[in-house]
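>>> With the input below, show me the fold.
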Amino acid sequence: MPLNSPLQLSLPVHLPDDETFNSYYPASGNDELIQKLRASAEGHGEAAIYFWGPVKSGRTHLMHAACAHANEVDRRSFYIPLGIHASISTALLEGLEQLDLVCIDDVDAIAGHPVWEEAIFDLYNRVAEHKNCALVVSGSSSPVDAGFLLPDLVSRMQWGLNYQLQPMADDEKLAALQRRAAMRGLQLPEDVGRFLLNRMARDLRTLFDVLDKLDKASLVHQRKLTIPFAKETLHL
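This next block holds a predicted model:
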């Protein structure tokens, strides 16, 4: 299912076109996970992958990237963030096993909701029976620690590959910022990047948002990125 299919558009979800594997800078220890996600998107990987990491750790970027990669190789994908479960129906999960790749983000958001837990459990079972669909699920903690009420669901989530997303070191965050800037045709000097790391929240999502703001300001004012310009723009 292409990302712009009618079913996808029925969700209040925006899938950014700049969150791909190429734009993702992996922390040390995450290379194997990325390889497995690529393989699943291409149709020759594991039937089920569960990975976890804290909010703003890059989980959603990887889910978007897997869907984008599947679409590039003409495979049908579907992405759903369960943080919005209160505004959608479990009926949305029906028939997803007929697709090539299903990515379920923030699955621990439905922990403690029996109807949703049963629906996700049933989807796991249908995927196992169908065999042609890859299921990728992410959460902020491991299946055991997520607070699910249904033991069988925890068991199913442990049935496939499980990975903990490794955090990035500061040098890796700096490299990720510089790569992001370069993709926008912007030069981010090392001293400016380290200034942002020291003065802003240190998660990549916040840092990328700050970089976007600096990029727009530099275009408007026709100025290079310097520490004084960053201080002025960000009111620091």
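>>> Kindly tell me how buried the closest residue to Val210 other than its chain neighbours is, as a neighbour count.
Leaving out its chain neighbours, the residue that sits closest to Val210 by Cβ to Cβ, 6 or more residues apart in numbering is Met200, at 5.5 Å. Where you see a C-beta, it was placed from the backbone N, CA and C, and this is true even at glycine. For Met200, the number of neighbouring residues by other Cβ atoms under 10 Å comes to 16.
>>> Quick check: phi and psi on Met200?
Summarising the backbone geometry of Met200 under the convention degrees, to the nearest 10, its torsions are phi -110, psi 170.
>>> Tell me if I'm right that it and Phe208 touch.
No. Shown here, Met200 and Phe208 do not form a contact pair, counting by Cβ atoms under 8 Å, at 10.6 Å.
>>> Which elements pack onto the helix or strand harbouring Trp116?
Assigned by DSSP states H and E, Trp116 belongs to helix 114-130. Using 3 or more Cβ pairs under 8 Å, 6 or more residues apart in numbering; DSSP states H and E as the contact criterion, the elements in contact with helix 114-130 are strand 48-52, strand 101-105, strand 134-139, helix 151-157.
>>> And the residue positioned nearest the centre of the chain, how far from Ser140?
When the chain is reduced to its mean C-alpha position, the nearest residue by Cα atoms, centre = their mean turns out to be Thr60, at 1.5 Å. Distance, Thr60 to Ser140, by Cβ to Cβ, to the nearest Å: 11 Å.
>>> rewinding a little: enumerate the positions of the helix holding Trp116 that are buried.
Judged by neighbour count (16 or more other Cβ atoms under 10 Å), helix 114-130 contains these buried residues: Trp116, Glu117, Ala119, Ile120, Phe121, Asp122, Leu123, Tyr124, Arg126, Val127, Ala128.
>>> In the host helix or strand of Pro228, which residues are buried?
For Pro228, the element it lies in under DSSP H and E is helix 227-234. The neighbour-count check on helix 227-234 (16+ other Cβ under 10 Å) flags Phe229, Ala230, Thr233 as buried.
>>> For the second one, give me its contacts.
For Ala230, the contacting residues are Val192, Phe195, Leu196, Leu214, Leu236, by Cβ atoms under 8 Å, 6 or more residues apart in numbering.
>>> Average pLDDT for the helix or strand where the third one lies, rounded please.
For Leu196, the element it lies in under DSSP H and E is helix 190-199. Helix 190-199 shows an average pLDDT of 94 in the prediction.
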